[in-house]
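Asks: kindly return the folded structure for what I paste below:
(one chain, ligands or ions: 2)
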Amino acid sequence: MTMKESFELAKKQYEKWGIQVDNVIETLKSVPISIHCWQGDDIGGFEVNKSELSGGIDVTGNYPGKARTPEELRNDLEKALSLIPGKHRVNLHAIYAETNGEAVERDQLEPKHFENWVNWAKEHGLGLDFNPTLFSHEKAADGLTLSHPDPEIREYWINHCIASRKIGEYFGKELGTPTLTNIWIPDGYKDVPSDRLTPRVRLKESLDRIFAEDIDEKYNVDAVESKLFGIGSESYVVGSHEFYLGYALKNNKLCLLDTGHYHPTEVVSNKISAMLLYSDKLALHVSRPVRWDSDHVVAFDDELKEIALEIVRNNALDKVMIGLDFFDASINRVAAWTIGTRNMIKALLYALLMPNDHLKKLQDEGNFTERLALIEEFKSYPFGAIWDYYCEQMGVPVQESWLEDVKKYEEEVLAKR
Ligand SMILES: C[C@H](O)[C@H](O)[C@@H](O)C(=O)CO
Ligand SMILES: [Mn+2]
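Replies: Numbers count the residues shown, from 1 in each chain. Ligands and ions are numbered 1, 2, ... in the order given. Predicted coordinates for the structure are as follows:
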């Protein structure tokens, strides 16, 4: 049977339930995923005076071929993008600035340091997102930045965040699609603090200063990312979920939920509907925590499907900005991007192919037997035939055949680094 025939058969099965597969495919095409550049070089960046990775995060593994220059990183991203269906975005950190060999302090970064990225994004029809980098720096050596007791250190990071928002604005203007500029800070304490409030007061004041700078939301949208713990901040994190939830609601900012930043049995899928009742938009860092915030490559697992289902069922495909955040150096990095991003898109397709209206009705009628039966039966509906057809239509390799491209790229490019 040809792929088209399998698709047509599968389509009939979904159409029995009123699911318009052609419309689903059109919808899927329109959803951009923000692909994080930092999977390609283990969050190294290209600063002239590069510091060791810090901030309580860690990348493990030493698979050969990591990108050493912006050109290599862009080439690797291009390779991954050629294996991923759809038009997407690339998410940068401030440490990916290109300063022509000149050491530029982070509070002095300017749009011109990202010109190459913008030209590249234009060439490939990509949107860009951005993040100030408040780690891997001597001024963050004690794990404190925007909540630091020393006002000079706070000032430095405040200015870095303001500079970053201006870079985001520049991206948005140049590329005709608003940039999401997300602030994540590592601040916290290893041991039980004697004062939880004061660092939070300082963080709030720093954020107020950062956002006082008027930047057009047409071009730059701000997000704040909370965390539960990190290496060295096991007992207390200043920017906790409650801290940023309150801050974002009061100040009209987006909350960014990283799926690795909650208690092990606490799930982001259960937060989406609640949070969307009170704010128009949300942002995600989809990751895969294995026992801790380990940032494993996103797998097509139950929680990923549930996140996608929540986005679809809440009619929120344009309200939830989906970004990825994982970094695995134990496998081919281009493959890591490809696997994780394809899985995110697959999960959205899976969610769009569920009889969501009917399931909702069953719940309201109290028909929980049928609700469970259908959810379970749909797990073995011929979803794969639709996914394969989608990949083919979008001009990217079908099933695992993309691995051949990655192997060839590894042989011809990565292994020679
Ligand atoms: C590099 C990222 O900004 C970082 O992973 C952050 O988003 C995070 O999730 C820290 O745990
Ligand atoms: Mn994150």
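Asks: tell me the mean pLDDT over stretch 255-270?
Replies: Mean per-residue pLDDT for stretch 255-270: 97.
Asks: ditto for stretch 81-90
Replies: For stretch 81-90, mean pLDDT rounds to 98.
Asks: ok, residues contacting that stretch?
Replies: Applying Cβ atoms under 8 Å, 6 or more residues apart in numbering, the set of residues contacting stretch 81-90 from outside is 28-29, 31-37, 77, 117, 121, 124-129, 177, 323, 334, 337-338, 341-342, 345, 390-391, 394-397, 402, 405-406. Where you see a C-beta, it was placed from the backbone N, CA and C, and this is true even at glycine.
Asks: next: stretch 191-203.
Replies: Defining contact as Cβ under 8 Å, 6+ apart, one finds that stretch 191-203 is touched by 144, 146-149, 154, 185, 187, 235-236, 238-239, 243.
Asks: and of those, the nearest to ligand 1?
Replies: The shortest separation between ligand 1 and any of the contacts of stretch 191-203 is 9.3 Å, and it belongs to residue 185 (by Cβ to the nearest ligand atom).
Asks: spit out the contact partners of that closest one.
Replies: With contact set as Cβ under 8 Å, 6+ apart, residue 185 has these partners: 134, 145, 146, 147, 157, 203, 238, 239.
Asks: again, only this time at 6 Å
Replies: Applying Cβ atoms under 6 Å, 6 or more residues apart in numbering, one finds that residue 185 lies in contact with 134, 145, 146, 239.
Asks: do the same with residue 206
Replies: Here residue 206 is in contact with 146, 154, 158 (criterion: Cβ under 6 Å, 6+ apart).
Asks: let's have these in JSON lines, adding distance to residue 81 and secondary structure.
Replies: JSON lines is the format used below for the contacts of residue 206 (distance: Cβ to Cβ, whole Å; DSSP: H, G, I helix; E, B strand; the rest coil):
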{"residue": "146", "distance to residue 81": "33", "secondary structure": "coil"}
{"residue": "154", "distance to residue 81": "38", "secondary structure": "helix"}
{"residue": "158", "distance to residue 81": "35", "secondary structure": "helix"}
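Asks: tabulate these (CSV), appending pLDDT.
Replies: Written out in CSV, the entries for the contacts of residue 206 read as follows (pLDDT from 0 to 100):
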residue, pLDDT
146, 98
154, 98
158, 98
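Asks: highest neighbour count among those?
Replies: With neighbours taken as other Cβ atoms under 10 Å, the top of these is residue 146, carrying 28 neighbours.
Asks: name the residues of the stretch 201-350 of the chain found near ligand 2, please.
Replies: Within the stretch 201-350 of the chain, the positions lying close to ligand 2 (Cβ under 5 Å from the ion) are 258, 285, 325.
Asks: columns distance to ligand 1 and secondary structure on top of the contacts of residue 185, output as JSON lines?
Replies: JSON lines is the format used below for those (distance: Cβ to the nearest ligand atom, whole Å; DSSP: H, G, I helix; E, B strand; the rest coil):
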{"residue": "134", "distance to ligand 1": "9", "secondary structure": "coil"}
{"residue": "145", "distance to ligand 1": "13", "secondary structure": "coil"}
{"residue": "146", "distance to ligand 1": "14", "secondary structure": "coil"}
{"residue": "239", "distance to ligand 1": "10", "secondary structure": "coil"}
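Asks: quick check, nearest of those to residue 49?
Replies: Nearest to residue 49 out of the contacts of residue 185 is residue 134 (Cβ to Cβ; 16.3 Å).
Asks: outline the domain layout of this protein.
Replies: Following automatic domain parsing, one gets these domains for the chain: 1-30+355-417, 31-352.
Asks: can you say which of those domains is packed in most?
Replies: Of all these, domain 31-352 carries the top mean neighbour count, a mean of 19, counting by mean count of other Cβ atoms under 10 Å.
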